[in-house]
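3D, please:
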Amino acid sequence: MKNVALITGASSGIGEEIAKIHAENRGDLIIVARRKQKLEDLKQELENKYKIEVKIIVKDLTHSEAALEIYKEVKEAGINVDYLINNAGFGGHGKFHERDWENDLQMIQLNILALTALTRFFLPDFVKNNRGKILNVSSTASLMPGPLQAVYFATKAYVTSFSNAIAEELHDTNITVTALLPGATETEFAQTSGMDKTDLFQNTFSAIEVAKAGYDGMLKGKLNVLAGLTFSQKIMMATVPFVPKKTMLKQIRNMQEVK
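As a prediction, the model looks like this:
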């Protein structure tokens, strides 16, 4: 395999669209997700259309050992990964003290621990070869606290901070780390998180648009890429640092309340 991108959460949404973009650029793929049939369908589609090679790894990254198992499987297959795209993640809606604790633990495991572990396992290989690109899918949620999605917003704040920090650590190498910060996007996220009935998800951008912005930003070695924002949302993002914290918290809570 050559020009290999490893993509987690590749069975749908942004991850699936990034896989298609990479395949169109004639890059081989390792696609990771829980749903085997979805991965097999995507593998068949991309191999037939673009004549590339696609390896499937069926893995549930909410399990603590999954990231290491993925790394070992890739190494045992003798595959060198050129692009690590940590896309897998999920959210959840509701007051923190009322939400199911096991669900939030799995969210932390997937959004933070799995992403960090995969980065830690593959990055030394990138450094050894002095090449490679990492794209961590964060969110505009990382730029503010999120009442009614407290844990999700906090996990994404970690992703952006972590990505930016290691990007600077690698400033004297040929390795780049990019954080993709999408706004509300047309994926399964809204339904699975319970956000589809809120004001926040009434104006969404396509996963294709967001995936292209993230992929292009990764290739250019950008630090952060904001994507999927309306004009008014862009203005809101620009004013976040200047709005009194309590005012901002009320605004975010209102946007995330189920109507």
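
show me what contacts Ile31?
Ile7, Ala10, Ser11, Gly15, Ala19, Leu39, Leu42, Lys43, Val54, Lys55, Ile56, Ile57 (CB atoms under 8 Å, 6 or more residues apart in numbering). (C-beta placed from N, C-alpha, C; glycine too.)

Which one (most neighbours) among those residues?
Ala10 (31 neighbours; other CB atoms under 10 Å).

which stretch of helix or strand covers that residue?
Using DSSP states H and E, Ala10 sits within no helix or strand.

swap in Ile7?
Per DSSP H and E: Ile7 is located in strand 5-8.

so where do the helices sit in the chain?
13-24, 36-50, 66-76, 101-108, 115-129, 150-169, 189-193, 207-220, 231-239, 245-256 (DSSP state H).

Only alpha carbons, please: show the last one as PDB.
Which is helix 245-256. The C-alpha coordinates for helix 245-256 follow below in PDB (Å, rounded to 0.1, in the frame of the first residue of the first chain):
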ATOM      1  CA  LYS A 245     -19.000  34.400  30.000                       C
ATOM      2  CA  LYS A 246     -22.400  34.300  31.700                       C
ATOM      3  CA  THR A 247     -24.100  35.900  28.600                       C
ATOM      4  CA  MET A 248     -22.400  33.500  26.300                       C
ATOM      5  CA  LEU A 249     -23.400  30.500  28.400                       C
ATOM      6  CA  LYS A 250     -27.100  31.500  28.300                       C
ATOM      7  CA  GLN A 251     -26.900  32.000  24.500                       C
ATOM      8  CA  ILE A 252     -25.400  28.600  24.000                       C
ATOM      9  CA  ARG A 253     -27.900  26.900  26.300                       C
ATOM     10  CA  ASN A 254     -30.800  28.500  24.500                       C
ATOM     11  CA  MET A 255     -29.500  27.300  21.100                       C
ATOM     12  CA  GLN A 256     -29.200  23.800  22.500                       C
END
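
Show the pLDDT at the spatially closest residue to Ala77 that is not a sequence neighbour.
What sits nearest to Ala77 in space, not counting adjacent residues and going by CB to CB, 6 or more residues apart in numbering, is Lys55, at 7.1 Å. Turning to Lys55, the model gives it a pLDDT of 98.
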